[in-house]
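Colleague: Here is a sequence together with a model predicted from it:
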2 protein chains.
Amino acid sequence: MRILVGNHIDPSIRERGDMRAWTQRLLWFARPGDLLILCCEPDPAFVDYALARTGVKREELTMLAAPAGAWGDKLLDPASLTVPAFVEQVRAALGPAGTGAVSEVFALWPSAAVARLADALGVADLFPGAAFFSQGGGEIGNSKANFRALAAAAGVPILPGRVCRSRAEAIEATGVLLKSSVAGAVVVKQAHNGAGVGNQLLVRDPEMAVGHVGARHLHHLAPGPDGIAAYWAGRWPWASGEDRWPVVIEEFAPGADAVYSEHYASDAGTRATETGRLLYVGRRLSHQVVPLDGVSGPVRAALLDGGRRLAEAYRSFGYRGYLSADALILPDGSVVFTEVNAQVSGSLHIYQSIAHGIVDVTAAPARQVVEYHVPPTWTVPSFTAFLTALDELGLAYDPVSRTGVIVSMPAIPLAPGEPVQFVFCLAYDPAEGHADAFDRLDAHFASVPAGTYDASQHVGTGAVSFSS
Amino acid sequence: MRILVGNHIDPSIRERGDMRAWTQRLLWFARPGDLLILCCEPDPAFVDYALARTGVKREELTMLAAPAGAWGDKLLDPASLTVPAFVEQVRAALGPAGTGAVSEVFALWPSAAVARLADALGVADLFPGAAFFSQGGGEIGNSKANFRALAAAAGVPILPGRVCRSRAEAIEATGVLLKSSVAGAVVVKQAHNGAGVGNQLLVRDPEMAVGHVGARHLHHLAPGPDGIAAYWAGRWPWASGEDRWPVVIEEFAPGADAVYSEHYASDAGTRATETGRLLYVGRRLSHQVVPLDGVSGPVRAALLDGGRRLAEAYRSFGYRGYLSADALILPDGSVVFTEVNAQVSGSLHIYQSIAHGIVDVTAAPARQVVEYHVPPTWTVPSFTAFLTALDELGLAYDPVSRTGVIVSMPAIPLAPGEPVQFVFCLAYDPAEGHADAFDRLDAHFASVPAGTYDASQHVGTGAVSFSS
């Protein structure tokens, strides 16, 4: 059996609001016998729903909620994992075989606290990379600033850009990069954020097409150096987290496709696990597709080669586990890398558990899987209401045709009665595409007029935290 | 010829006060033909003094002061290096052969700004590690927090300890580490500082002997958890640089010897360059000795082996250049590593230029070199006064006996008429030791009663920044 920890980035690095729903995607990884640790009691409806699809029985799993810490049950307090009473509870839950039955410790985020729990249980050797993670390696591997230095050293292609530690450096770098950028635009990136939420696109031309870009925030620069200085006067604290992190500034690459190559790093080496594509609408992550299609052989080879070299580089300094190398395919077919997420990404459950596990996309006839975010224009009353709509529309997942919708996570309203936000997978025939099914759902749930919500806010009608 | 940059840690990471004097140790590395870049006009007396000892002629060197930036001439503003007029000045100074004559770009600190200067000149390939450093690799390689994760991953022995990102984590970690520490003491370390100035020793027992420890600051903990919480309530902003950096907390190892193993990392591999010993008096760095003596074969082997593995680990993620792996020899003879300084340390000029270059310590009869800091109890009026005293005492360096004092850096008073602070090397016969010569200097210059200065302040009678 394995110990699976449904955690998230340490709140001391980035304090997410409420990760109760998103971390329950841990259920997709559960195999018979596993012990799952979550920040909250799992949502019974989602547990039943997910396990019915993976074929694991509820009674074959042990699920423990870590003691409430500084964030109640909304975030997993890393310190809770080693509260002595909880360690004893975990030990007791292992059953008569004790830790001898444990084959692996697996966590959504490589926290030092997971390494300490593994150590307290006497199974530190079963948490790959434990020594590295126990001393803060998780932060090193997940910084978008560190990424640029490590990728540059490994000779992996990146966009022209700079890593800045002060407002003065940012002002200088922005001016230099805007000058060399053909598009007259740069992307500012927080070192620790995800899904484009920590990115801001700075453009000189208000007409530039930017809806497809993974940058939640947009700023139209006023002309000349004053426009640059004015931007940084206001946004340096946001970009740097009040001076906590270096800030990445990169030339903007217009017309690029966002893709990724995921890998697994072990003591023995690295292996590629899957490639996929990210699609942004209105600058927010809308959906992602696995396996990656629609790219030429050389593009695929460049993506895999750069991903492998990054995985090797991260492995060489101590990272162990899954990692995602994000990249852009430029209009000329070249591939440049933009970041590495050295954690369980928002893609692993899609490709490993759903696409390859449940749907088996490689069997005949071939299938593909897209995972959609509930768009900000929808109002979904509840998890049950969504499942009912799927049944009514004939869109629930059908194991015979291997098509239809599988909801990826529970739907927990932030306040009673509020609409819910979540992600859901849709398995489809690649020859037919996924637009028709999505359009039918859109017709059913769309009720918030576009343009009535703030495109920079996380969601239109709520603020559930998800994505990594 | 080489381009030598007399810089220091980027002020955006750690803003030193006044590095004019300390960065002029660059003179010790100069060879005929070299171009030196400094933050200020070099001190003529020191230039003449140093070159007379290295045998390089003043007219064989080109020395340029970078344009004054945000810190005037007290610190080198990284942005100054790529001011177009300065780049042109450097290019003009290269002479008719232009960049074709450049064999290497060498910097005291691996700043992205040096990589940009090299790039602007078209010689980025001659600055080892340029791609890595151009994207902030210097910060990665010099963090004491990153060190712990990288050393743990490499399997190099470190002391029990933790890397903390919040006050809450620091309080928890301090409690845990004090409990397991036999001495009932821990050391708190800023991620970016040097020579023990960023270290604070927390002790429960006010009687503990701590004068020899490399921790400028000392705190006697009040009993129980309240004492720990009270400490962190006051000192977290200091330790973390207002939340900018992770904080290292380690068990204190009483009765240990501080040593180091230096290495050079190139594209081809790493090589050990020298080992030495650091000695602290009143918790401030007092002197260091090269080559390392008085250790057993197994201790030396462990120091070199761990240093080599750290050098390889740093090399593998992109670091190039000299680095110093600092370690403690514990009373039981085991060697544990405490930090890596991936920059030109405060030791390179001692062993490479002075001990091996000028003194030639390996020739017969064998010599050893100690470098002393002017102690806080001395009042030295000026560089000239110090040289005059050396002559009077017969302690000036004598090339025939290969013994005596070589002053390592200029002596610049922070305010006109104030006493000066600096470091000076003393070459001696290992059979005789260095105490006698030092005592004669001490008798000459000591005038500040011990106990009348704050042991936590950088110096007793001034505030010149030196050491790396």
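Modeller: Cool, the structure landed.

Colleague: okay, CA-based contacts and neighbour counts for the rest of this
Modeller: Will do.

Colleague: Tell me the residues of chain A that contact chain B?
Modeller: Within reach of chain B by CA under 8 Å from any CA of the partner chain, chain A has these residues: A:12-13, A:79, A:129, A:131-137, A:140, A:145-146, A:148-154, A:162-166, A:169, A:243-245, A:313, A:316-318.

Colleague: Let me see the ranges of the helices in the stretch 351-468 of chain A.
Modeller: Assigned by DSSP state H, counting those that start in this stretch, the stretch 351-468 of chain A shows helices spanning A:383-393, A:435-445.

Colleague: got a list of what residue A:330 touches?
Modeller: Going by CA atoms under 8 Å, 6 or more residues apart in numbering or on different chains, residue A:330 touches A:253-257, A:336.

Colleague: Can I get these in CSV including pLDDT and secondary structure?
Modeller: Formatted as CSV, the contacts of residue A:330 follow (pLDDT from 0 to 100; DSSP: H, G, I helix; E, B strand; the rest coil):
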residue, pLDDT, secondary structure
A:253, 93, coil
A:254, 91, coil
A:255, 91, coil
A:256, 94, coil
A:257, 95, strand
A:336, 98, strand
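
Colleague: Out of the residues you listed, the closest to chain B would be?
Modeller: Ranked by distance to chain B (CA to the nearest CA), the contacts of residue A:330 are led by residue A:336 at 15.5 Å.

Colleague: For chain A, which segments count as helices?
Modeller: A:44-54, A:84-93, A:112-121, A:130-134, A:137-141, A:144-154, A:167-180, A:224-240, A:297-317, A:348, A:383-393, A:435-445 (DSSP state H).

Colleague: hey, what's residue A:423 bridged with?
Modeller: Beta-bridge partners for residue A:423, by DSSP bridges, are residue A:373.

Colleague: Sorry, slip of the keys, the one I care about is residue A:285.
Modeller: residue A:280.

Colleague: Can you give me every residue that contacts it?
Modeller: A:195-196, A:214, A:278-279, A:373.

Colleague: one step back: switch the helices of the stretch 351-468 of chain A over to TSV; also include mean neighbour count.
Modeller: Converted to TSV, these look like this (neighbours: other CA atoms under 10 Å in any protein chain shown):
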stretch	mean neighbour count
helix A:383-393	15
helix A:435-445	14
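
Colleague: want to throw those into TSV with mean pLDDT and distance to residue B:284?
Modeller: Output for the helices of the stretch 351-468 of chain A, formatted as TSV (pLDDT from 0 to 100; distance: least, CA to CA, whole Å):
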stretch	mean pLDDT	distance to residue B:284
helix A:383-393	96	64
helix A:435-445	96	68
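
Colleague: so which of those gets nearest residue A:66?
Modeller: helix A:383-393 (24.6 Å; CA to CA).

Colleague: what's the angle between that closest one and helix A:435-445?
Modeller: Calculated by axes from the mean of the first three to the mean of the last three CA atoms, to 10 degrees, helix A:383-393 forms an angle of 120 degrees with helix A:435-445.

Colleague: contacting residues around helix A:383-393?
Modeller: Outside of helix A:383-393, the residues within contact range by CA under 8 Å, 6+ apart are A:380, A:396, A:405, A:410-411, A:420, A:440, A:444.

Colleague: looking at those residues, which has the most residues close by?
Modeller: Taking other CA atoms under 10 Å in any protein chain shown as the neighbour criterion, residue A:410 ranks highest of these with 27 neighbours.

Colleague: Residue B:89 versus that one, what's the distance?
Modeller: Separation of residue A:410 from residue B:89 (CA to CA, to the nearest Å) stands at 64 Å.

Colleague: I figured residue A:212 hits residue A:281, correct?
Modeller: Yes. Between residue A:212 and residue A:281 there is a contact under CA atoms under 8 Å: 5.3 Å.

Colleague: Of these two, give the one with the bigger neighbour count.
Modeller: The neighbour count for residue A:212 versus residue A:281, taken as other CA under 10 Å, is higher for residue A:212 (20 against 15).

Colleague: which residue packs closest to the more buried one, ignoring adjacent ones?
Modeller: Computed as CA to CA, 6 or more residues apart in numbering or on different chains, the closest residue to residue A:212 that is not its neighbour in sequence is residue A:280, at 4.7 Å.

Colleague: quick one: contacts for the one you found?
Modeller: Counted by CA under 8 Å, 6+ apart, residue A:280 has contacts A:211-214, A:286-287.

Colleague: Just the ones of these in strands?
Modeller: Members of those lying in strands (criterion: DSSP state E): A:286-287.

Colleague: which intervals of chain A have sub-threshold pLDDT?
Modeller: Residues of chain A meeting the criterion pLDDT under 70: A:452-468.

Colleague: All good on my end, thank you.
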